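> Structure of the sequence below:
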Amino acid sequence: MATLPDEEFQLSLEETQALEKDLVFLSSNIPSTSGKRKVSGALLTPPSSQGSVSGSSSSSASVRFRSFNSSPDFTLDLPQSAISIDALEFIGFTAETAADIFRRFTSRPDPDINCYDLLDYVHGHASILSTASYQHYPPAQAMTQIGLTQKMQDAILDPRFSTIFGTETLHFWIEDTLRINYLTLMQLLRRLKNHATGSIAKKKKAKRAKLEGVFPPKTSSFPQQATTTATLNVMPEDYYLPKDFAAVDTPSEVLEDHYVLYKAKAAAEMGDPQWIQDDGSLEMSAIATHGRGDFNHLNAAWYWTPEAETAEMYRAWAARRCPWSDTWVIRIQIPKTFIDSLRQQDLWYSKDWKEYVWYCRKKIRPPEKFNSYWQAGEVELIKGHIGSTFHSSITRIKDEVQTKITEDNVLLIGSGRATQWAFMQDDSIERLGAKIRGKIHIEITSAEQGQEK
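Here you go, the predicted model:
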């Protein structure tokens, strides 16, 4: 049998006992035959901002944790394996559908050489939404048909985020949500493993120090009161941050002659590949959009917004759909001289905007007049409005682009129309990565599920 991808998270008896002793694993009424464990909500709680993630003066980024006032009584029932029916239920499937997907996965031919993992089977199951028979289903009915829980349906259809929902297809948002939830499960399992190994090592070190001491420690004649709250040994790598190049700090002042841009991400997306590498460099492929964005029909592009409000709306939308995941708002500062040196194209709401965005959203080659927008060696930066409500009824139109697409198809925020900057060329995005090093600030919001209401 091929090695399963979650074997690195499997706990030894000693590690399990360490988690029980540290009150990370809690006693519960979950049957012993279940593939779940009741886990302290401390697993979802970021450290305070008083130095849990350290850094040097050469840090690539500053970090601030917020909304970490979780209830001390909060617990979660966490699957013990990322390859299980429980894992599929955790990410948003009903019990019946989870069992069906897992049965197809485990009965696949030649599992030793089969290159498809469980997440591939999840995406394969959701891909039915792209077929013609599902095109006219109302979203709630479509999600019921493919076996998503009511909780997940309510999150995706939350009316507070209807404008962002319209920026992509239902199929896209379902796959995005399932993927992030699955990556989050793996991140939480990794945290458990890291804490267990760290706790064991710490206790062994303390035991050696005790044995080597000249005087025996004093003991109290009164029994100690048992604690009811776990405290995790949180490490920077638990948040996909390099320990030597990320420092807990407040946002720095905006530098003179710099532009400020923002981007929202779910934390679980930032680990493979890790955006800020262990040497402090940036792996820009970690934040690329690969086709079917507003301005890139085929090649990768890198999208940012100059509005903090827009980024926060996207962050809150990710947190609503993926309640177990920490979420980030990344702020970068870019020298104006660098931006001014790029070949740029403005593409605000207009006839050209309607036409170009429509072709990109359909993921087909735009007309020749737009060649310079996307071909290698041409435009490096496109600034324009963000498209919204580009659902299937819009992408299916043919000769009515100018009349069917209106101002209602532009994403709105409280201050007006939302805008974006898309970096279109690989070489300029690599140079951008070098320019923003040391000028990055990340606001990390703890998982919504664990926050005190």
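> Can you give me the neighbour number for E400?
9 (other C-beta atoms under 10 Å). (Glycine included, C-beta is placed from N, CA and C.)
> ranges for the strands of the protein?
36-40, 61-66, 75-79, 246-248, 258-266, 289-290, 300-304, 327-335, 344-347, 381-385, 412-413, 416-417, 419-423, 440-445 (DSSP state E).
> right, so of the ones you listed, which gets closest to G124?
strand 289-290 (18.8 Å; C-beta to C-beta).
> hmm, back to that, turn the strands of the chain into TSV, columns for mean pLDDT, mean neighbour count and distance to R320.
Output for these, formatted as TSV (pLDDT from 0 to 100; neighbours: other C-beta atoms under 10 Å; distance: least, C-beta to C-beta, whole Å):
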stretch	mean pLDDT	mean neighbour count	distance to R320
strand 36-40	90	21	22
strand 61-66	82	20	17
strand 75-79	90	18	17
strand 246-248	79	21	26
strand 258-266	97	21	11
strand 289-290	91	13	21
strand 300-304	97	21	20
strand 327-335	95	21	10
strand 344-347	97	16	30
strand 381-385	98	21	24
strand 412-413	90	15	17
strand 416-417	92	14	23
strand 419-423	98	22	21
strand 440-445	91	22	12
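> now those as JSON lines including distance to W374?
As requested, the strands of the chain are arranged in JSON lines below (distance: least, C-beta to C-beta, whole Å):
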{"stretch": "strand 36-40", "distance to W374": "46"}
{"stretch": "strand 61-66", "distance to W374": "30"}
{"stretch": "strand 75-79", "distance to W374": "42"}
{"stretch": "strand 246-248", "distance to W374": "34"}
{"stretch": "strand 258-266", "distance to W374": "21"}
{"stretch": "strand 289-290", "distance to W374": "13"}
{"stretch": "strand 300-304", "distance to W374": "8"}
{"stretch": "strand 327-335", "distance to W374": "22"}
{"stretch": "strand 344-347", "distance to W374": "10"}
{"stretch": "strand 381-385", "distance to W374": "9"}
{"stretch": "strand 412-413", "distance to W374": "26"}
{"stretch": "strand 416-417", "distance to W374": "23"}
{"stretch": "strand 419-423", "distance to W374": "10"}
{"stretch": "strand 440-445", "distance to W374": "27"}
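> Nearest to K363, out of those strands?
Nearest to K363, of those and by C-beta to C-beta, is strand 289-290 at 10.4 Å.
> The closest one - contacts with which helices or strands?
Counting by 3 or more C-beta pairs under 8 Å, 6 or more residues apart in numbering; DSSP states H and E, the packing neighbours recorded for strand 289-290 are strand 300-304.
> partner strands of the strand it packs on, parallel or antiparallel?
Partners of strand 300-304 in the sheet, by DSSP bridges, are strand 289-290 (antiparallel), strand 419-423 (antiparallel).
> Out of those strands, the one nearest L347 is which?
Closest to L347 of the strands paired with strand 300-304 is strand 419-423 (C-beta to C-beta; 8.9 Å).
> and the chain, what are its domains?
If you go by automatic domain parsing, the domain ranges for the chain are 7-54+73-190, 244-450.
> Which one of these has the poorest average confidence?
Lowest mean pLDDT of those: domain 7-54+73-190, a mean of 88.
> Any idea how far it is from the middle of the chain?
Its chain's average C-alpha position is 13 Å from that of domain 7-54+73-190, according to C-alpha atoms, centre = their mean, to the nearest Å.
> Now distance to R37 too, for the strands paired with strand 300-304, in a markdown table please.
As requested, the strands paired with strand 300-304 are exported to a markdown table (distance: least, C-beta to C-beta, whole Å):
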| stretch | distance to R37 |
| --- | --- |
| strand 289-290 | 36 |
| strand 419-423 | 42 |
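> between the strands of the chain, which one is nearest to S28?
Of all the strands of the chain, strand 36-40 comes closest under C-beta to C-beta, at 3.6 Å.
> Give me the contacts around the closest one.
23-28, 30, 74-80, 86, 188, 192, 229-230 (C-beta atoms under 8 Å, 6 or more residues apart in numbering).
> Separate out the buried members of those residues.
Neighbour counting with 16 or more other C-beta atoms under 10 Å marks 23-26, 74-76, 78-80, 86, 188, 192, 230 as buried within the contacts of strand 36-40.
> quick one: which of those is nearest A300?
L188 (29.1 Å).
> is it true that that closest one touches D326?
No - taking contacts as C-beta atoms under 8 Å, L188 lies outside contact range of D326: 10.4 Å.
> And the residue positioned nearest the centre of the chain, how far from V248?
Residue closest to the mean C-alpha point of the chain, counted by C-alpha atoms, centre = their mean, is A266 at 2.2 Å. To V248, A266 is 21 Å away according to C-beta to C-beta, to the nearest Å.
> before we move on, the earlier item: columns distance to F65 on top of the domains of the chain, output as CSV?
Formatted as CSV, the domains of the chain follow (distance: least, C-beta to C-beta, whole Å):
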stretch, distance to F65
domain 7-54+73-190, 4
domain 244-450, 5
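> out of the ones you listed, nearest to A196?
domain 7-54+73-190 (3.6 Å).
> Any buried residues in stretch 275-286, and which?
Buried, per 16+ other C-beta under 10 Å, within stretch 275-286: 275-276, 280, 282, 284, 286.
> Who are the packing partners of the lengthiest helix in the chain?
For the chain, the helix with the greatest residue count under DSSP state H is helix 170-212. In terms of contacts (3+ C-beta pairs under 8 Å, 6+ apart), helix 170-212 is packed against helix 13-21, strand 75-79, helix 85-91, helix 118-126, helix 139-145, helix 150-156, strand 258-266, helix 308-321.
> Between strand 36-40 and that helix, find me the angle.
70 degrees (axes from the mean of the first three to the mean of the last three C-alpha atoms, to 10 degrees).
> and the angle for helix 170-212 with strand 327-335?
Between the axes of helix 170-212 and strand 327-335, defined by the same axes, to 10 degrees, the angle is 90 degrees.
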